[in-house]
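Mind folding the following:
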Amino acid sequence: MYRVKQLDVSVDLAGFSRWLREQNVGHRITEEGGFQVLWLENPDHAGPVLEALERFLTEPDVQQAVNTTSRSPVFVGGRWQPSPRHAPLVLAIILLAALVAWVTGMGTNQASTVMMMVDPQNFTWNTLSARVEALRDTLAAGQVWRLITPDFLHFSWTHIIFNSVMLWFLGSQVEWFDGKPRLVGLFLFTSLVSNGLQYFVSGPLFGGLSGVVYGILGYCWLSQRRVPRFQFPPALVTFAVVWMVIGFTPLPEMLGLGRMANEAHLGGFIAGLALAVALPARRVERS
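A predicted model of the protein is given here:
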């Protein structure tokens, strides 16, 4: 064990200790001569832990968030494990995506054209100007739902399962801690940005919740730096960004994964970051 910090015994470190356990940080707190001493198993954790401790001690919002998360009923054994009643809105989105996947035959039948940004059978979309005109005519006809419905269109079971797992893991935390209105706003804004960017770059033949997932990931990552309340491994953001970059290369098609909606991923991620900056981090009060 490595000695990293000494504090007065009057400081309550119980909540911070629980939080460290939830982050799988091996540590021990001992008492020596009227002081508390924080020890770490891995010295590489010293920098991030001391930074987190400083925020815990000086920022009331952070202390409240750490203490609330530590006793939250949706954390079991220190891990985020919500039930459907904790995130009914996210569950409804996933079930709707599964229903659309079944109705459209994974995007292979006529019903799928109703879910796309524009009907590819009725418009030409080989140029940017043609795509702009097609979308303008579509919206003028009152088909506003098409701005959002590509989210629910998937083309394989692996596609929808991966998106659903990620949406449940991240989206359920946003719904629980930040509330349904925040989740709805995040969903709509990231959908509009990700779907719009993908459409204007490549046309209407795309679909999936991955743009929204990237948006929620970007929001969680940046908003978490203001008020810690979400639980996810930091490596998840690194992996997602690296995978997004790989998507802009020929590698996914060479591996037989098909063409990815790269612009939707990028647009969603940027939109999520923008909302994390624009919207104040919500104080955690639920327990």
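
how far is the helix or strand where E54 lies from where the chain is centred?
Assessed by DSSP states H and E, E54 sits inside helix 46-58. Distance of helix 46-58 from its chain centroid, counting by C-alpha atoms, centre = their mean, to the nearest Å, is 24 Å.

got the CA positions of it in PDB?
Output in PDB follows, covering the C-alpha atoms of helix 46-58 (Å, rounded to 0.1, in the frame of the first residue of the first chain):
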ATOM      1  CA  ALA A  46      -2.600   8.700  -6.900                       C
ATOM      2  CA  GLY A  47      -3.100  11.600  -9.300                       C
ATOM      3  CA  PRO A  48      -6.700  11.000 -10.300                       C
ATOM      4  CA  VAL A  49      -7.700  10.000  -6.700                       C
ATOM      5  CA  LEU A  50      -6.100  13.200  -5.200                       C
ATOM      6  CA  GLU A  51      -7.900  15.300  -7.800                       C
ATOM      7  CA  ALA A  52     -11.200  13.600  -7.000                       C
ATOM      8  CA  LEU A  53     -10.600  14.000  -3.300                       C
ATOM      9  CA  GLU A  54      -9.900  17.700  -3.600                       C
ATOM     10  CA  ARG A  55     -13.200  18.200  -5.500                       C
ATOM     11  CA  PHE A  56     -15.000  16.000  -2.900                       C
ATOM     12  CA  LEU A  57     -13.700  18.200  -0.100                       C
ATOM     13  CA  THR A  58     -14.200  21.600  -1.700                       C
END
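
From the contact counts, what lies against it?
strand 2-8, helix 14-22, strand 35-40, helix 60-71 (3 or more C-beta pairs under 8 Å, 6 or more residues apart in numbering; DSSP states H and E). To be clear about C-beta, it is placed using only N, CA and C from the backbone, and glycine gets the same treatment.

contacting residues around it?
The contact list for helix 46-58 (C-beta atoms under 8 Å, 6 or more residues apart in numbering) reads 2, 4-5, 11, 15-16, 19-20, 25, 27, 38, 40, 62-63, 66, 228.

Compare the helices and strands packed on helix 46-58 and say which comes out lowest on pLDDT.
Of all the helices and strands packed on helix 46-58, mean pLDDT reaches its minimum on helix 60-71 (a mean of 55).
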